[in-house]
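In: based on what follows, work out the 3D shape:
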Amino acid sequence: MNVKKAALAAGLGVAVGYLAKQQIDQYQKITPEKALKQAKETFKKQGPISGSWIYMKPEEVEKNGLLYNAYRGGVTRNIDGENKQYEFYVDVETGAVIGAVQTA
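Out: Below you'll find the predicted structure:
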């Protein structure tokens, strides 16, 4: 009888753990690493990049009258032998680039 109870408890624990992980994954925000990867993929569509960085702490950003929680980061691209730097903001909720500007 004790083996049955232990097996039932283990099975129930696995099921609850699986459901909890599914819920957390569904509501978890984009990590800074994933945000940087998505931003780099967006910039790579217009040519190769040679460097990148991202701040790990989200900031509040206003864009077109709307407030976003966003990660700030940057990429460096070599265009015609010149390094050009771009700074961007990535939405914490969706991972979409919400703004980019050339800084140097």
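In: return the helix or strand in this protein with minimum mean pLDDT.
Out: Lowest on mean pLDDT, DSSP states H and E among the helices and strands of the chain sits helix 2-27, with a mean of 75.
In: work out the gap between it and the centre of the chain.
Out: 28 Å (Cα atoms, centre = their mean, to the nearest Å).
In: got it, and stretch 34-41?
Out: Chain-centre distance of stretch 34-41: 7 Å, with Cα atoms, centre = their mean.
In: sorry, back to before: packing partners of the least confident helix or strand of the chain?
Out: Helices and strands touching helix 2-27, by 3 or more Cβ pairs under 8 Å, 6 or more residues apart in numbering; DSSP states H and E: there are none. No exception for glycine: its C-beta is placed from N, CA and C like everyone else's.
In: report the contact partners of the most centrally placed residue in the chain.
Out: Taking Cα atoms, centre = their mean, the centroid of the chain lies closest to Ala35, which sits 2.8 Å from it. By Cβ atoms under 8 Å, 6 or more residues apart in numbering, the contact list for Ala35 reads 54, 71, 73, 90, 92, 95.
In: which helices and strands does the longest strand anywhere in the chain pack with?
Out: Criterion DSSP state E: the longest strand present in the chain is strand 66-79. Under the contact criterion of 3+ Cβ pairs under 8 Å, 6+ apart, strand 66-79 touches helix 32-44, strand 51-54, strand 59-63, strand 82-91.
In: what comes up buried for it?
Out: 68, 70-77 (16 or more other Cβ atoms under 10 Å).
In: just send the helices and strands packed on strand 66-79 back as TSV, with distance to Val16 and mean pLDDT too.
Out: TSV is the format used below for those (distance: least, Cβ to Cβ, whole Å; pLDDT from 0 to 100):
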stretch	distance to Val16	mean pLDDT
helix 32-44	27	91
strand 51-54	35	93
strand 59-63	36	90
strand 82-91	32	91
